[in-house]
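Peer 1: here is the input, now give the coordinates:
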Amino acid sequence: MSGRKVLVTGGSGFIGSALVKALVKSGASVRVLDDNSRGRPRRLADVEKDIEFIGGDVRNPDTVERAVQGMDEVHHLAFVNGTEFFYSQPDLVLDVGVRGITNVIDACRKHGVGNLILASSSEVYQTPPQVPTDESAPLVVPDVLNPRYSYGAGKLISEVMAINYGRKYFDRVLIFRPHNVYGPDMGFEHVIPQFAMRMKKLGQQQPGSHLQFSIQGTGDETRSFCFIDDLVAGVMVMRDKGEHLGIYHVGTTEEVTIAHVARCIADIADAEIDIIPGKLQPGGTMRRCPDISKLAKLGYKPRVMLSEGLEPTVDWYWRNADLAPKT
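Peer 2: Numbering: from 1, shown residues only. Next up is the predicted model:
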């Protein structure tokens, strides 16, 4: 698929920028649409001379139409991620999510772009009925009064729109559901960066002692963390071999507890910690681990274990602490 003209919405975001680099490397001609409200131009510094950048909001239909025009393929990643935003700005999360997918589909139809790749999320399941979870599990919004589900609901709506418009108006629609992707410069609103920054601060405040490390929940909650390189590899495999209207998990099957993640980061900091359990936010999922066999049949194989991916990630945050939002 080298030589194709590809638009990536949200292309200066964490996942978007990594995907942009992979597409450029594959020989694609890449255009990025992002308003940089959460994306960061520094993430595209390595390829800025190789891409076209359009600054703009995915909620603006004229901007999206201009970005889509002349493309062969659209990767739609523009969304508001970060758990703290689900609770604090659910209206913004839904506004970007629903207007974004509507504008992308409308623009693709107008300009005859027949290939759409949509980034969804493991959040569409909330509390899955079975772990590991495959792509056939029901998508659920358990409680419309809980703002957390703004994100999952927006992704669910996006999937339903992509599938149903895809049947009629697109040659190929692919959906990937990432599971807890992490890596350097992923933003500061996620569990691994937050643990890393607090570990450093506590080490400075409590030198030479057991660190009293507070967490949400008991620490027995589980996730399967996927390093950004593996995520991108999975998306590129799906792009190459995925079937029309196909939905694919991208992640790892290495299910670990949140307490284990904290202890791994403590080891990197050469610290010992006492974990102090706390209250879990309403709607938090107790277990999450994907069944990735569907994508594995296409050739996907995650290669980076958590123990390998954490060190460069934590190191980046410690070296770039000055980039953290001021509180």
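Peer 1: report the buried residues of the lowest-mean-pLDDT helix or strand in the chain.
Peer 2: Here the helix or strand of the chain ranked lowest by mean pLDDT, DSSP states H and E is helix 83-88, holding a mean of 86. For helix 83-88, the neighbour count (16 or more other C-beta atoms under 10 Å) marks 83, 85-87 as buried. C-beta: built from backbone N, CA, C; applies to glycine.
Peer 1: which residues touch whatever helix or strand comes next after it?
Peer 2: Later in the chain than helix 83-88, the nearest helix or strand by DSSP states H and E is helix 90-111. Contact with helix 90-111 is made by 9, 58-61, 64-65, 67-71, 74, 76, 78-80, 85-86, 113-114, 116, 118, 147-148, 150-151, 153-155, 157-158, 161-162, 165, 169-170, as judged by C-beta atoms under 8 Å, 6 or more residues apart in numbering.
Peer 1: burial of residue 57, as a residue count?
Peer 2: Other residues within reach of residue 57, judged by other C-beta atoms under 10 Å, total 16.
Peer 1: likewise residue 44?
Peer 2: Using other C-beta under 10 Å, residue 44 has 22 neighbouring residues.
Peer 1: and this protein, what are its domains?
Peer 2: Domain segmentation of the chain under automatic domain parsing yields 5-181+224-250, 184-223+255-288+305-321.
Peer 1: can you show me the strands along the stretch 201-327 of the chain?
Peer 2: Remark: strands assigned in the stretch 201-327 of the chain by DSSP state E, counting those that start in this stretch are 211-214, 222-224, 226-227, 246-250, 255-257, 273-276.
Peer 1: specify the beta-bridge partners of residue 31.
Peer 2: Counting by DSSP bridges, residue 31 is bridged to residue 7, residue 52.
Peer 1: test for you: state the pLDDT assigned to residue 170.
Peer 2: Each residue has a pLDDT score; the one for residue 170 is 98.
Peer 1: next, count neighbours for it.
Peer 2: Neighbours of residue 170 using other C-beta under 10 Å come to 21.
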